[in-house]
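Undergrad: Need coordinates for the below:
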Amino acid sequence: MTHPQQGAAPPATSTMPAVPSQAVPAPPRRTAFAEGVDQLRAAATTEPGRLRLIGAVLALLVVAFGAVTAWQMTDRSNAADDVVHSSQPLSAGAADIYRSLADANTAASSGFLSGGQEPAATTARYERDIQTAAAKLVTAAASTEPGSPSADTIAKLNKLLPEYKGLIERARANNRQGFPVGGAYLRAANETMQQEMLPAAQDLYTKENQRLRSDYAGATPYPWFAIVLGVLALAALGWAQRRHYLRTNRVLNQGLVAATAACAVVLLWLVVGHSVARAGLDSSYDHGVRSLNVLHDARIASLNARGNENLTLVSRGAETKKLSDGTVEDAYDYAFQQDMKTLSAGLTQAESLADDQAGKQPVTAATGNMKVWQQRHKQARTADDEGDYQAALNKIIGSKADQPTGECFDSVDANLAKALDHEENEFKQAAGDGRGAMTGLPAGSAALAVLGAAGALLGIGRRLSEYR
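TA: Below is the predicted model of the structure:
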C-alpha cells in the first residue's frame, strides 16, 4: 500500500469556468474632411499657415474669375457670331424664299395676261424666281437640324414647288391654245401658292426670326457672375495687401500688385468690351433687323398685291367674296386692297425706323410710287367695270404710254430692294462691330487670370520666405 508523500500538495482542481476578458472598442475613424478641418485650424494658428491659406484663397478666386469670364464670354461671343454669320443670313434667306415664290406667282399671272406669247422678260423672271427659291431651300435645309419644325417646313415646300410648276405649265399650255381652262389652272396654282406655299414660307421666316432673337438674347445679357467674381477677387487682393502693409510696414508686394493689375485689366476689359458689344448688337437689331423685317413684309405685300391685281383680270369675276355688310366683291380685288393697306402701313413704319437719309429716301420714293399705283388701279377697275376689258388690261400690263400699274409696281419693288440693301449694310456694320468688341476676351481673360494667380502665389511665397 502506497501513501502519498508527507507534505505533498494535492492536485488543484477548479470548478469555476474561465471568464473571457472584454475587448475595448476602438474609437471611430474620423473622416478626411474633419481631419482636414483640424489641420487648417492648426495651420491658422501660425502666421506661415495663415499666409498659405490666404495665398490659396487668392489664387482660387483669381482663377475662378478668369475661368468664369472665359466661359461666359465664349457663350456670348458664339451667340454674337451666330447672329452675324448664321441666324440673320438664314432669316434673310427665308424672306428671300417668300419673296421669290410671291414674285414667281406674280410673273406667272403677268405672263398669262399677255396671251399665248409671253414676253421673254416675264418668263425669265419667273424661271429666275423659281431657281432662287429652290437654291435658298437647299441652303436652308443644309443649315437646319434634321427632324426640326423648320426641316419639316422646308420638306413641305420642296414637295409643293414642283406641283406648283406643273400647274403653271398646264396653264401656259392651255393659254397658248386659247383654251379657257388655262385660267382655271392658273387660279389653282395661285391657290396652291397662297394657301399652302406662302404660309409655309411665312412659317419658315417666323421660325428663323425666332432663332435670330434667341441668338440676340444669348449675346447681350451682362455677365454678372463674372463681374461679381472679379469684384470679389479685387477686394480680396486689396485686403491682403493692406494686411501685408499693417504687419510689415511695407507699402507694396510686387506679386500681389501684379495680381491686382491683372484682375483689374480683365474686369475693365470685360465690362467695357461687353458694353461696346452689347451697344453694337442692340443697334444692329434696332436699326437693322427691325427695319429689315418691316421692309421684307412691305415688299411681300407689294408682290401679293400685284399678283392679286393680275388675277382680278384673269378670273373676270369668277371668284367673289361676301363681306360682313352683305355686299359681294371680286375676291382678288378685295385681297389687293388688303395688301395695299399692309404695304402702306409697312412703308410708314419703315420710314419712321430709317435713321439716315440714305435709308429714308428709297422708302419715301416707294410711298409715292404706291400712291400712283392706287390711282391707276382705280382707273383700271373703272374700265373693267364698264366692260372695256382691253383698256383695263392695258392699264395693268400695257406699254409705258398706257401708264400701267406694272410700272408703279416695278418702281415700288426697286426702291424697297434699295432700302433693304442699305439696311442690310447697316446691320452688318453694327453687328460686326459688336462681335468684334468681344474678340480675344475669352482667351485673354484666361491668360491674365493665370498670370494673376501666379503673381498672388509668388507674392505670398516671398512673404513666407522671411520665416525660413
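Undergrad: Tell me the first helix or strand C-terminal of the helix ranked longest in the chain.
TA: As assigned by DSSP state H, the longest helix anywhere in the chain is helix 47-82. As assigned by DSSP states H and E, the chain's next helix or strand after helix 47-82 is helix 88-113.
Undergrad: Now do that next one against helix 47-82, angle only.
TA: Interaxial angle of helix 88-113 relative to helix 47-82 (axes from the mean of the first three to the mean of the last three C-alpha atoms, to 10 degrees): 10 degrees.
Undergrad: Let me know the average pLDDT across helix 88-113.
TA: Mean pLDDT, helix 88-113: 88.
Undergrad: do the same with stretch 135-151
TA: 87.
Undergrad: Please save the CA atoms from stretch 325-338 in CSV.
TA: C-alpha atoms of stretch 325-338 as CSV (Å, rounded to 0.1, in the frame of the first residue of the first chain):
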residue,chain,number,x,y,z
ASP,A,325,-72.1,94.1,-94.6
GLY,A,326,-73.7,91.7,-97.2
THR,A,327,-72.0,93.2,-100.3
VAL,A,328,-70.2,91.0,-102.7
GLU,A,329,-66.8,91.9,-104.2
ASP,A,330,-64.3,90.4,-106.5
ALA,A,331,-62.2,88.2,-104.3
TYR,A,332,-58.9,89.1,-105.9
ASP,A,333,-59.6,92.8,-105.9
TYR,A,334,-60.6,92.6,-102.2
ALA,A,335,-57.3,90.9,-101.5
PHE,A,336,-55.5,93.6,-103.5
GLN,A,337,-57.0,96.3,-101.3
GLN,A,338,-55.9,94.5,-98.1
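Undergrad: Could you check that stretch and say which residues are buried?
TA: Using 16 or more other C-beta atoms under 10 Å as the test for burial, stretch 325-338 gives Asp330, Ala331, Tyr332, Asp333, Tyr334, Ala335, Phe336. (C-beta placed from N, C-alpha, C; glycine too.)
Undergrad: so what's the first one up against?
TA: Put plainly, it is Asp330. Thr312, Ser315, Gly317, Glu319, Thr320, Lys321 (C-beta atoms under 8 Å, 6 or more residues apart in numbering).
Undergrad: now swap in the last one and tell me
TA: By C-beta under 8 Å, 6+ apart, the residues touching Phe336 are Ala305, Asn308, Glu309, Thr312, His377.
Undergrad: Return the distance of the third one relative to Gln375.
TA: Taking C-beta to C-beta, to the nearest Å as the criterion, Glu309 is separated from Gln375 by 13 Å.
Undergrad: who's more crowded, these two?
TA: In this comparison of Glu309 against Gln375, neighbours counted by other C-beta atoms under 10 Å, the higher total goes to Glu309 at 28 against 12.
Undergrad: part of a strand, is that one?
TA: No: applying DSSP: H, G, I helix; E, B strand; the rest coil, one finds Glu309 to be helix, outside a strand.
Undergrad: Adjust the sequence numbering to begin at 183 for everything that follows.
TA: Got it, first residue is 183 now, which makes that one Glu491.
Undergrad: Now for it: which residues touch it?
TA: Going by C-beta under 8 Å, 6+ apart, Glu491 touches Tyr514, Asp515, Phe518, His559, Ala562, Ile578, Thr587.
Undergrad: swap the cut-off to 10 Å and go again
TA: 288, 291-292, 295, 514-515, 517-518, 521-522, 555, 559, 562-563, 578-579, 587-588, 591 (C-beta atoms under 10 Å, 6 or more residues apart in numbering).
Undergrad: So which of these are in strands?
TA: Among those, no member is found in strands (DSSP state E).
Undergrad: Selection in PyMOL covering whichever of the residues you listed are buried, please.
TA: Only the buried members of those enter the following PyMOL selection, criterion being 16+ other C-beta under 10 Å:
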select buried, resi 288+291+292+295+514+515+517+518+521+522+555+559+562+563+578+579+587+588+591
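Undergrad: can you map out the helices along the stretch 433-582 of the chain?
TA: For the stretch 433-582 of the chain, applying DSSP state H, counting those that start in this stretch gives helices covering 436-466, 472-497, 513-535, 539-567, 571-579.
Undergrad: Now distance to Gly275 and mean pLDDT too, for those helices, in CSV please.
TA: Formatted as CSV, those follow (distance: least, C-beta to C-beta, whole Å; pLDDT from 0 to 100):
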stretch, distance to Gly275, mean pLDDT
helix 436-466, 18, 92
helix 472-497, 11, 88
helix 513-535, 20, 92
helix 539-567, 22, 93
helix 571-579, 30, 88
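Undergrad: Pipe these into CSV and attach distance to Tyr404 per row.
TA: Shown next, in CSV, are the helices of the stretch 433-582 of the chain (distance: least, C-beta to C-beta, whole Å):
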stretch, distance to Tyr404
helix 436-466, 7
helix 472-497, 22
helix 513-535, 26
helix 539-567, 30
helix 571-579, 56
